[in-house]
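Visitor: When you get a sec, could you give me coordinates for this:
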Amino acid sequence: MKKIMLSRRELLGTGACALAATAAVSERVAAQSGTALSPKKEATIRTYYGAWEKKDWELVNSLVASDFTFSSPMDNHISKSSFKKGCWDTQINFIERFDLQQVVGNGDNAFVLYVCHTRNGKTLQNVEYFRFRDEKIAAIECYFGAPANFPSAVSGGHS
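Guide: Residues are numbered from 1 along each chain as shown. Here you go, the predicted structure:
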């Protein structure tokens with residue numbers, strides 16, 4: 001093991017640099033925190049998940065942009081119509097409810113951590129990234145929980 005020797009002057013200089021860097025990082029964090037997710041966008045997100053629980057495609061359709069895209073480990077920026085056919089139509093009768101654990105974001109971006117409860121008593125946990133444009137949901141990227149343990153489209157669905 002190699003020993004590194006620092007003089008007091010070097011040590012104090014290093015500490016001053018670390019303090020300056022910390023101040024710069026704090027300034028950047030403060031600047032980002034000033035653009036918190038608006039209550040309206042959070043309400044849109046909550047309404048979106050509520051529409052799944054109510055089985056209301058027209059409500060989902062009204063919340064997402066006309067050029068909406070959806071991505072997941074199985075879907076690469078699919079269109080709204082492909083999302084309806086491949087995700088909504090295949091999963092809607094499988095889902096009972098969502099428990100939103102965290103909704104965090106800033107500006108036009110948000111992350112949602114949720115637990116989904118299925119009609120057959122199983123649960124799955126996912127994270128979804130929402131991107132907004134003009135108060136509509138422009139895109140969602142879904143990050144699946146462990147597919148071997150949770151029923152989902154990725155694990156074969158309805159176990």
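Visitor: In which helix or strand does Cys116 reside?
Guide: In this structure, Cys116 sits in strand 109-118 according to DSSP states H and E.
Visitor: Please name the strands paired to the helix or strand following that strand in the sheet, noting orientation.
Guide: The C-terminal neighbour of strand 109-118 among helices and strands, as given by DSSP H and E, is strand 123-133. The pairing partners recorded for strand 123-133 under DSSP bridges are strand 109-118 (antiparallel), strand 136-143 (antiparallel).
Visitor: now for the ones you listed, which one comes closest to Pro73?
Guide: strand 136-143 (7.7 Å; C-beta to C-beta). Quick note: C-beta positions are derived from backbone N, CA and C, even for glycine.
Visitor: that older thread, of all the strands paired with strand 123-133, which one comes closest to Lys54?
Guide: Closest among these, using C-beta to C-beta: strand 109-118, at 14.7 Å.
Visitor: What residues of that closest one count as buried?
Guide: For strand 109-118, burial by neighbour count (16 or more other C-beta atoms under 10 Å) applies to Ala110, Phe111, Val112, Tyr114, Cys116, His117, Thr118.
Visitor: And the furthest pair within these?
Guide: Among those, the pair separated by the greatest distance (C-beta to C-beta) is Ala110 and Thr118, at 24.1 Å.
Visitor: Hmm, Ile95 and Glu53 touching each other?
Guide: Yes - using C-beta atoms under 8 Å, Glu53 is in contact with Ile95, at 7.3 Å.
Visitor: neighbour count winner among those two?
Guide: Using other C-beta atoms under 10 Å as the criterion, Glu53 and Ile95 rank with Ile95 on top: 17 against 13.
Visitor: ok, the buried residues of strand 109-118 vs Ile140, which is closest?
Guide: Nearest to Ile140 among the buried residues of strand 109-118 is Val112, at 9.0 Å by C-beta to C-beta.
Visitor: show me what contacts the closest one?
Guide: Ile45, Tyr49, Leu100, Gln102, Val103, Val127, Glu128, Phe130 (C-beta atoms under 8 Å, 6 or more residues apart in numbering).
Visitor: of the residues you listed, buried ones?
Guide: For the contacts of Val112, a burial check counting by 16+ other C-beta under 10 Å picks out Ile45, Tyr49, Val103, Glu128, Phe130.
Visitor: so what are the domain limits for the protein?
Guide: In terms of domains, the chain is parsed into 1-34, 39-155 (source: automatic domain parsing).
Visitor: Switch those domains over to JSON lines; also include mean pLDDT.
Guide: Shown next, in JSON lines, are the domains of the chain (pLDDT from 0 to 100):
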{"stretch": "domain 1-34", "mean pLDDT": "45"}
{"stretch": "domain 39-155", "mean pLDDT": "91"}
